[in-house]
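Undergrad: Attaching a predicted model along with its sequence, questions to come.
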Amino acid sequence: MSKILGIDLGTTNSAMAIVEAGQPRILENKEGMRTTPSVVAVGKNGERYVGVTAKRQAVTNHKNTIYSVKRLIGRRFNDVEVQGDRKLLPYEIREGKQGDIEIKIGDDWKKPAEISAMILQKLKADAEDKLGEKITEAIITVPAYFDDAQRKATKDAGEIAGLSVKRVINEPTAAALAYGLGKPAKGGSASGGKDEKIVVYDFGGGTFDVSVLEVSEDTIEVKSTGGDTHLGGDDIDQRIIQYFVDEFKKESGMDVSKDQQVIQRLKDAAEKAKHELSSTLQTEVNIPFLTADSSGPKHFSISFTRAKLEELTRDFVDRSIKLTKHVLDDAGLKISDIHEVVLVGGQTRMPLIIEEVKKFFGKEPHKDINPDEVVAVGAAVQGGIMQGDIRDVLLLDVTPLSLGIETLGGVFTRMIEKNTTIPVAKTQVYSTAADSQPSVEIHILQGERAMANDNKTLGRFILDGIPPAPRGVPQVEVSFDIDANGILNVKAKDKATNKEQSIRIEGSSGLSEDEKKRMTADAEKFASEDAKKKELAEARNLGETLAYSTEKMIKDNEAPDAPAGAGKIKEDDKKELNDKIEKVRSSLKLDNVSEIKSATEDLSKSAQRVGGELYKQAPPTEASGQTPPPASEQPKTGEQPKET
Amino acid sequence: MDNLNNMNDEDKKITEETKAEAPEVMVSTDKSEEYLNNWKQERADFINYKKDEARRVEQFVRFANEDVILEAIEIVDDLEIAHQNFAKQNLGGQAGELNKGLEQIVTKFKELFRKYGVEEIAVSGQKFNPELHEAMETEPGGEKMVQLRTGYTMHGKVIRPSRVKITK
C-alpha cells in the first residue's frame, strides 16, 4: 500500500510529510530543503521551473514567474480581493469564460489550479524520488476560510498533478492533529467525551490566520476564522531593513535605500539578526564595506537588541492579538473557554509573539513542532489515521517512566528511558564498589528523579557468590526485559561464575495517570536540586575511586613482589600523594562539591605526574602493566556501567 | 502412491471434519495467519526503516559541517569584499602588500572548504542556470553574468547559489 502524502500547499512556501513506522516525517525536496517555495515559472525556451529555481530566476523573468497563486485559486476575477491583489502581482491575469481567472505564463493562459498542480507535481516527484516508491494519494490543506470553490479548485490541482486527493483539510485542523489534539484517544473521544476549544494562531511569511476549532468525538469544527491576508514575517523583515537603512544614514549621511546590492546585504543581515534574537537578547550586526564614497569605504556596525526589535514590530503583533480577539468574539467565546492554543508559521518563533499569545490566553501555547512544518505534519497524520498506521502504533505501549537501578552513592542509573516503546530489552555490565565484595544488591526503581531515594521501588534482590576480587574487576551483567504486556524481568549474572538471579515485576506500568503526572512534575520541579545531589554523589564516587587507585599505585610500587622497575616512587612524592589522599577522604565527609572536586583534581594532577615519572623510569618493554593506567582509564567501579 | 494419495485424502477428511466440528480451530488458524502476516509486514517495515535511517545518517554525517561552513563562508564574503575594495583603489606599497595578504587568507579558507567537499560555483563564461545561480538584478536583453556573491556546492549539492547580475 503506497503512502499518503500530507501536503501543506502554502501561499509562500509548501511542505510535505508522510507517516513512516507510525511517526510523521517531513520529506525534503530534491534540493535538500524542507520547504519548497510556491513559485512556478516558464523560461524563454519554454522550460519549466518550480520551487527555488523559479524563485532564483524571478527577476530575469518576472512576467512569467507566478507566485502567491493561492490568493487566486478558485476565485472569481471580479472578487474584490482579486482586484486588490492584481495591482501587486507582476504577472498578467484576465477573466476566463466562466468569470474565473486565467494567468499568463509563457505563451499560454492557465487556470490557477493548473499552476498549483505544477507545484504539487514537483512535490509528488520529489517525494517519490526520496521514498523510492510511487505516490498516488494525498491530503492537501487549505485555509479555514476557503469556500467550496477554492477547496474544489485545490482538489482539482491535486488531480491534475496525478494525485487522488483523499481529503482537503483545514490548515488549523492539521496543526491541531499534529499535536494529537483532534485525534481520538485510546478507547475514547478526542477529549474524553467533552468538547474542547482550540485556537490556532498562524503567523506565516505573508499571511496571518487565526481560527477557533471545536473538537468533539470524531469531528473537528471550525467555529470562526479571521486574520489579515497581508500581514506576515516579511513585514517584520522590511521594518528591520528600514531601521538599518535609517541607522546607516544617521551614521554616514548616505542614503542606501535605492542601492539594490546594499539592500540585499542588509536584508540578509536583517533575517539573520531576527533569527538570532529569537534565542539571544542581543546580536551584533557587522557588514564591512557596505558601500563607499569619495572618503573611502563605509562599514555598518550596530548592536541590535531584542528590545529594539520588539519596539520596531510591536504594532504588527498587537494587530494580530486584536484580530485574535475578534475571532474569539465571532465564535461567541471567552478567553477562559479556550483549552489549547497552537502556534503555526515561522514568525511564531519570535519571543514577543509567544509572550503576547501566552499573556492573552493565560496559558502556554503548543510550539514544540517546527512551526513551518506543523501543518504538513498534521496532513500526514490525517493520512496515517486513514491508512490505520497511527492507530496501529497506539496499540504499542510505552514505558510511562524511566526504569533503572540504584548505584553507588544512591544514584538512580537509568536502564530504560521514559517513553521507550515496548517490548524492549537492555543489558549493561556493572561492577563492585569495594574490594572482595561478595554480593551486589539490585534495587529496581521507576521514576525521573536523579537519586534512587526519590523514585519508586519496584523490587530488589541480591546476587551473591561473587568470588573475591578488587573493586571494579567483577562483571555483573544486568538485563531489563519488558514484554509486550508490560511485564518486567530483571536478571543479574556474574560473568565469571555464570551465577544468576532474577525477579519478575508485573506492575511496572501499573501507575495511575495521576501518579505518572506527579512523578514527572516532581522531576521537573526538583531538577536542579536533584542535579546537585547527583553531582555530589558523582564527585564523591570519582574522589573515592581516585584515592583508592592512587593508594593502590603506591602499594604496588613498594610491594616486595613488585615487578622490576617498580618501587621507585620517591619518598617526597609518596608523602605528597598520601597527604592529598587524606585531603580527598576528609573532603568526602562534607557536602561541598567544589571542595571534593578541587581535592580530587589536586590529587589527580599529582598522581598523573608521579605515574608519568614511573613510566619514564621503567624499561620500555616492561613498562606496560606495571603501573596503573591514567585515572580516566581506571576500571570503573560501583555504579559505572561498562559498554556491552 | 495410492497409499500416499489415500493418506492425503484421509488427512483432508480429518481436517474437514475438525473444521466442521471446531470452527474455533479455523478462527485460530486464520488469526495465526493474520498475525504472522502482520509480523512479517512489521519486520519488513522495520528493516526498510533501518535502511532509510542508515542512509539518512550517512547524509547527515556528510553534511554535518554545512551550517558551520555556511557561517564561515559569510566571513569569507566580507574578506573578499574587502579585498575587492582594496584592489579597486589600486594601492601600491604597504597597502598593496596588505591586500595580497588578505587574498592569501581568502585562498586558505577556500582550500579548507575544498577539504570538506565545498567548491565554488563557476559564473564566468557560464549561462545563467537557476539550479546554481540566483539573479538579483537584470538589464533588459542581458545574457552575461556578473557575480555579486560567490556560490558554493558541498559534495555536489548547492548549499548557497551564486548571486549574479545579468548584464548585456
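TA: Nice, I can see it. Residues are numbered from 1 along each chain as shown, chains lettered A, B, ... in the order given.
Undergrad: Pop the domain breakdown of chain B in here.
TA: B:8-62, B:65-116, B:118-168 (automatic domain parsing).
Undergrad: and the gap between the residue nearest to residue A:70 when sequence neighbours are not counted and chain B?
TA: Computed as CB to CB, 6 or more residues apart in numbering or on different chains, the closest residue to residue A:70 that is not its neighbour in sequence is residue A:11, at 4.4 Å. C-beta coordinates here come from the backbone N, C-alpha and C atoms, glycine included. Counting by CB to the nearest CB, to the nearest Å, the separation of residue A:11 from chain B is 21 Å.
Undergrad: correct me, but residue A:11 touches residue A:72?
TA: No. Counting by CB atoms under 8 Å, residue A:11 does not reach residue A:72; the two are 10.4 Å apart.
Undergrad: Give me the more crowded residue out of these two.
TA: More neighbours surround residue A:72 than the other of residue A:11 and residue A:72, with 27 against 18 (other CB atoms under 10 Å in any protein chain shown).
Undergrad: what pLDDT does that one get?
TA: We have a pLDDT of 95 for residue A:72.
Undergrad: excluding its backbone neighbours, what's nearest it?
TA: Nearest residue to residue A:72, sequence neighbours excluded (CB to CB, 6+ apart): residue A:112, at 4.4 Å.
Undergrad: about what we covered before: mind giving me TSV with the domains of chain B and columns for mean neighbour count?
TA: Formatted as TSV, the domains of chain B follow (neighbours: other CB atoms under 10 Å in any protein chain shown):
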stretch	mean neighbour count
domain B:8-62	11
domain B:65-116	14
domain B:118-168	17
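Undergrad: would JSON lines of those with distance to residue A:268 be doable?
TA: Shown next, in JSON lines, are the domains of chain B (distance: least, CB to CB, whole Å):
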{"stretch": "domain B:8-62", "distance to residue A:268": "26"}
{"stretch": "domain B:65-116", "distance to residue A:268": "8"}
{"stretch": "domain B:118-168", "distance to residue A:268": "9"}
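Undergrad: Same list, those, but as CSV with mean pLDDT and distance to residue A:180 please.
TA: Below are the domains of chain B laid out as CSV (pLDDT from 0 to 100; distance: least, CB to CB, whole Å):
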stretch, mean pLDDT, distance to residue A:180
domain B:8-62, 79, 21
domain B:65-116, 89, 30
domain B:118-168, 93, 34
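Undergrad: Ok, which of the ones you listed comes nearest residue A:32?
TA: Evaluated over those, closeness to residue A:32 peaks at domain B:118-168, with 5.6 Å, by CB to CB.
Undergrad: can you tell if the closest one touches chain A?
TA: Yes. Interface with chain A: domain B:118-168 contributes B:128, B:130-131, B:133-138, B:142, B:148, B:157-158, B:161, B:163, B:166 (CB under 8 Å from any CB of the partner chain).
Undergrad: how many neighbours does residue A:230 have?
TA: For residue A:230, the neighbour count with other CB under 10 Å is 14.
Undergrad: and it, what element?
TA: Secondary structure assigned from DSSP states H and E places residue A:230 in neither a helix nor a strand.
Undergrad: what does the one 10 residues further on give?
TA: Under DSSP H and E, the secondary-structure element containing residue A:240 is helix A:233-252.
Undergrad: Just want the angle from the next helix or strand after that helix to helix A:233-252.
TA: Counting by DSSP H and E, the next helix or strand C-terminal to helix A:233-252 is helix A:260-276. On the basis of axes from the mean of the first three to the mean of the last three CA atoms, to 10 degrees, helix A:260-276 is oriented at 120 degrees to helix A:233-252.
Undergrad: quick one on the thing from earlier: and the helix holding residue A:240, what's buried?
TA: Of the residues in helix A:233-252, A:233, A:235, A:236, A:237, A:239, A:240, A:241, A:243, A:244, A:245, A:248, A:252 count as buried by neighbour count, 16 or more other CB atoms under 10 Å in any protein chain shown.
Undergrad: Kindly list the longest helix within chain A.
TA: Using DSSP state H to define each element, chain A has its longest helix at helix A:527-556.
Undergrad: Oops, could you answer that again for chain B instead?
TA: Ranking each helix of chain B by length (DSSP H) puts helix B:23-62 first.
Undergrad: can you list the weak-confidence ranges in the stretch 201-350 of chain A?
TA: Scanning the stretch 201-350 of chain A for pLDDT under 70 picks out no residues.
Undergrad: for residue A:582, helix, strand, or coil?
TA: Of the three states, residue A:582 takes helix under DSSP: H, G, I helix; E, B strand; the rest coil.
Undergrad: Parallel or antiparallel, which strands does the longest strand along chain A pair with?
TA: Looking across chain A with DSSP state E, the single longest strand is strand A:282-293. Counting by DSSP bridges, the strands paired with strand A:282-293 are strand A:296-305 (antiparallel).
Undergrad: tell me which residues of the partner strand are tucked away?
TA: A:297, A:298, A:299, A:300, A:302, A:304.
Undergrad: Please apply the same query to stretch A:367-383.
TA: So, applying 16+ other CB under 10 Å, buried residues of stretch A:367-383: A:367, A:369-383.
Undergrad: Ends of that stretch, what's the gap?
TA: Start to finish, the residues bounding stretch A:367-383 are 22 Å apart (CA to CA, to the nearest Å).
Undergrad: what about the helices in chain B?
TA: Going by DSSP H, chain B shows helices at B:2-21, B:23-62, B:66-89, B:93-115.
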